[in-house]
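> for reference, the sequence and a predicted model appear below.
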Amino acid sequence: MTQIKLIHAKLHRVRVTQTNVNYVGSLSIDPDLMDRVGLLPLEEIDAIDLNNGKRWSTYVIPGKRGSGEICPNGGAALLCEPGDILIIYAYEFRDRSVVLREGHQAKILIADEHNRCQEFFYQTLQPQGDGVEFKSSQKLT
């Protein structure tokens, strides 16, 4: 079986609310945001800072619910500043034949300037003959 890595969750244009170099690593995220896209505590993520182009991998921990918190901790705190805009991705490994047979779905949240959901949609791979068709379907916020 051939395993492929596909995005399953994306927080797009979230703003760094604070940084904490004295914490032992990770990225604190408001659990409301985590729940909306299906991120789990301790899940590995990639983060891209749109203000400076820096990229890093770390893991997620829950911040304060309802706060809009996006707080890079430890070494990641040195890669960005409060107010920077991030894209946060989480991936999962799937068997290629299962994806071709059953499809795949990723949850995408685009944030407003306060890290609230401005737009939410799914990006899907739907089985189509011997391949898949990519679709993006918008959902109410």
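Received it, and whenever you're ready, just let me know what you need.
> check contacts around residue 15.
Under the criterion of CB atoms under 8 Å, 6 or more residues apart in numbering, the contact list for residue 15 reads 70, 82-86, 111, 113-115. Where C-beta positions appear, they are placed from N, C-alpha and C, glycine not excepted.
> and of those, the nearest to residue 128?
Using CB to CB, residue 111 is the member of the contacts of residue 15 that lies nearest residue 128, at 31.5 Å.
> and for the closest residue to that closest one other than its chain neighbours, the neighbour number?
Spatial nearest neighbour of residue 111, excluding adjacent residues (CB to CB, 6 or more residues apart in numbering): residue 14 at 4.6 Å. Number of residues near residue 14 (other CB atoms under 10 Å) recorded here: 25.
> and the end-to-end length of stretch 111-121?
Distance between the two ends of stretch 111-121: 12 Å, counting by CA to CA, to the nearest Å.
> how about that stretch: buried residues?
Under the neighbour-count criterion of 16 or more other CB atoms under 10 Å, stretch 111-121 has 111, 115, 117, 121 buried.
> and those residues as JSON lines, adding distance to residue 21?
Listed next are the buried residues of stretch 111-121 as JSON lines, based on distance: CB to CB, whole Å:
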{"residue": "111", "distance to residue 21": "24"}
{"residue": "115", "distance to residue 21": "21"}
{"residue": "117", "distance to residue 21": "29"}
{"residue": "121", "distance to residue 21": "35"}
